[in-house]
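In: Whatever this is, show me its structure:
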Amino acid sequence: MIAFKYKQLYNVDDTGIAIKYYTERGYYTPPHWHSPLELIFVLNGSAEMSINGHRHLVVPGDFVLIDSNQIHESKCATMTMGLCIHYSRQHLQKYIPDLDHLNLQFSRDLLVKEKLDIYLQICELLKKLPPLYVQQPLGYRLECESIAMEVLYLILTHFARPAEESLIPENIGSLDRLSAITSYVDDHYSEPISLEKAAQKLGLSREYFCRFFKQSLGVTFTRYVNQIRLIHIYHDICNTEDGIMEIVERHGFTNYKLFNKMFKEIYGCTPREIRHKLATEK
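Out: Alright, predicted model coming up:
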């Protein structure tokens, strides 16, 4: 899958925390999940996010925290700059033994007036990270990690809620099935992928597979496959001079009318308009 243009301070495997600074002109990340907790802090631009089916608009100075294994997607049609912090779940459980039974997902629309000061305190802490990355003074990694941990501590002590039964790890075995089919799509998205073939991969009937996939990710399987194709198409439109039709066909999209509709829906403009914008910026 095509990734953000990240500049990573250090890897989650080293300390249990990965802090990344990103900048990107337009992006889309289809529904996905992962074990590390993920905090997104927007510096410029804005991002539309869906977390477990709930929509959020994240504007400059706002953050969201996505809990472990929560299904989420995000998109932005304009230039966006921000921070992304990943917290290793295994690392955090050393300090929070009851982590499996807490829901740490948080966004501004969940904020109550009484907690506004804490929210603003967290935002001020996050604003300290970009200058540290740019200047890299002696011991900056220690300070970055300290800030990231303080942010999580404030969220834990002021915004954590009991986890719903369906979100506790031992009750989400269906993610293994989803992982198997999304990995298959990542490897074969440029080929024709039928519902029958996908269902067969999981040993399910076509009808049950369709219900299972839509209920789990919030989109149909066919739309998900096309979303993955669009990510690769967008990347090639921005980074190559190949013809648009050539790119579309290379990545497996056969319905050009549907391609145009989905592309504009996700990226807010047509492929030609994107190329024109890029040309004028050079």
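In: domains of the chain?
Out: If you go by automatic domain parsing, the domain ranges for the chain are 6-167, 173-281.
In: Quick one: distance of the longest one to the chain centre.
Out: Right, domain 6-167. Taking the mean of its C-alpha atoms, domain 6-167 sits 11 Å from the chain's own mean (C-alpha atoms, centre = their mean, to the nearest Å).
In: again, but for the last one
Out: Counting by C-alpha atoms, centre = their mean, domain 173-281 is centred 16 Å from the centre of its parent chain.
In: thought S35 was touching D67?
Out: No. Assessed by C-beta atoms under 8 Å, S35 is found out of contact with D67, at 10.4 Å. For the C-beta atoms, the positions are set from N, CA and C on the backbone; glycine is no exception.
In: Would you single out the least confident of the domains of the chain?
Out: The weakest mean pLDDT among those belongs to domain 6-167, with a mean of 89.
In: just to revisit the earlier point, who's more crowded, S35 and D67?
Out: More neighbours sit around D67 than around the other of S35 and D67, counting by other C-beta atoms under 10 Å; the figures are 21 against 13.
In: So that one is in contact with D100, correct?
Out: No. Taking contacts as C-beta under 8 Å, D67 lies outside contact range of D100: 10.7 Å.
In: Show me the strands in the stretch 101-250 of the chain, by range?
Out: Under the criterion DSSP state E, counting those that start in this stretch, strands of the stretch 101-250 of the chain are mapped to 102-103, 161-162.
In: Turn these into a markdown table, including distance to I266 and mean neighbour count.
Out: A markdown table is the format used below for the strands of the stretch 101-250 of the chain (distance: least, C-beta to C-beta, whole Å; neighbours: other C-beta atoms under 10 Å):
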| stretch | distance to I266 | mean neighbour count |
| --- | --- | --- |
| strand 102-103 | 29 | 16 |
| strand 161-162 | 32 | 10 |
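In: Switch those strands over to TSV; also include distance to I122.
Out: Written out in TSV, the entries for the strands of the stretch 101-250 of the chain read as follows (distance: least, C-beta to C-beta, whole Å):
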stretch	distance to I122
strand 102-103	17
strand 161-162	17
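In: Relative to G53, which of the ones you listed is closest?
Out: Nearest to G53 among those is strand 102-103 (14.8 Å), distances taken as C-beta to C-beta.
In: Run through the neighbouring helices and strands of that closest one.
Out: Counting by 3 or more C-beta pairs under 8 Å, 6 or more residues apart in numbering; DSSP states H and E, the packing neighbours recorded for strand 102-103 are strand 161-162.
In: List the strands paired with the strand it packs on, with their directions.
Out: Looking at strand 161-162 with DSSP bridges, its partner strands are strand 102-103 (antiparallel).
In: Identify the residues contacting the partner strand?
Out: 67, 96, 156, 160-164, 167 (C-beta atoms under 8 Å, 6 or more residues apart in numbering).
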